[in-house]
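>>> fold the following.
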Amino acid sequence: MLTNDVRKNIIPTPLQVLIYFDQKGFSEAEAINFYAFFDSNNWVGKKGSPIKNWRVKASEWMWQLQKKHSYQRSKRKISRY
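Below is the predicted model:
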């Protein structure tokens, strides 16, 4: 039995996204960017299928941010030498 927002294809509220990003240590601005991006795409993934679990997409979004931030930080270190 599935309950509440664990059910498939549940679109989160902006507040749910803000809370989730805050719990994971990410900024409000990033939460807003995430929500705006997927809301503008009607919560549909790259292949046209509905997003079944927005938290998975949020985690992927956060991972990409960390990866990008790590790359920029290492690039700055290299350019100093």
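>>> shaky segments in this structure?
Applying pLDDT under 70 to the chain flags residues 1-8, 71-81.
>>> and the residue positioned nearest the centre of the chain, how far is that from Phe37?
By Cα atoms, centre = their mean, the chain has its centre lying nearest to Ala58, at 2.6 Å. To Phe37, Ala58 is 11 Å away according to Cβ to Cβ, to the nearest Å. Every C-beta, even on glycine, is put in place using the N, C-alpha and C of the backbone.
>>> ditto for Gln16
Using Cβ to Cβ, Gln16 is found at 15 Å from Phe37.
>>> what does Ala31 give?
Taking Cβ to Cβ, one finds Ala31 at 11 Å from Phe37.
>>> ditto for Glu60
Distance from Glu60 to Phe37, by Cβ to Cβ: 12 Å.
>>> if we can go back for a sec, was I right about the residue nearest to the centre of the chain contacting Leu18?
No. Judged on Cβ atoms under 8 Å, Ala58 makes no contact with Leu18 at a distance of 11.0 Å.
>>> confirm that Phe26 lies within a helix, as I assumed.
No. Counting by DSSP: H, G, I helix; E, B strand; the rest coil, one finds Phe26 to be coil, located in no helix.
>>> quick one: it and Gln66 touch, right?
No. In this structure, Phe26 is not within contact of Gln66 by Cβ under 8 Å, at 9.2 Å.
>>> which of those two has more neighbours?
More crowded of Phe26 and Gln66, by other Cβ atoms under 10 Å: Phe26, with 19 against 11.
>>> any figure for the gap between the more buried one and Phe34?
9 Å.
>>> so which helix or strand takes in Pro12?
Assigned by DSSP states H and E, Pro12 belongs to neither a helix nor a strand.
>>> try Tyr20
Going by DSSP H and E, Tyr20 is in helix 14-23.
>>> show me what that helix is packed against.
Counting contacts by 3 or more Cβ pairs under 8 Å, 6 or more residues apart in numbering; DSSP states H and E, helix 14-23 packs against helix 28-40, helix 54-79.
>>> just say which of these is most tucked in.
helix 28-40 (a mean of 15; mean count of other Cβ atoms under 10 Å).
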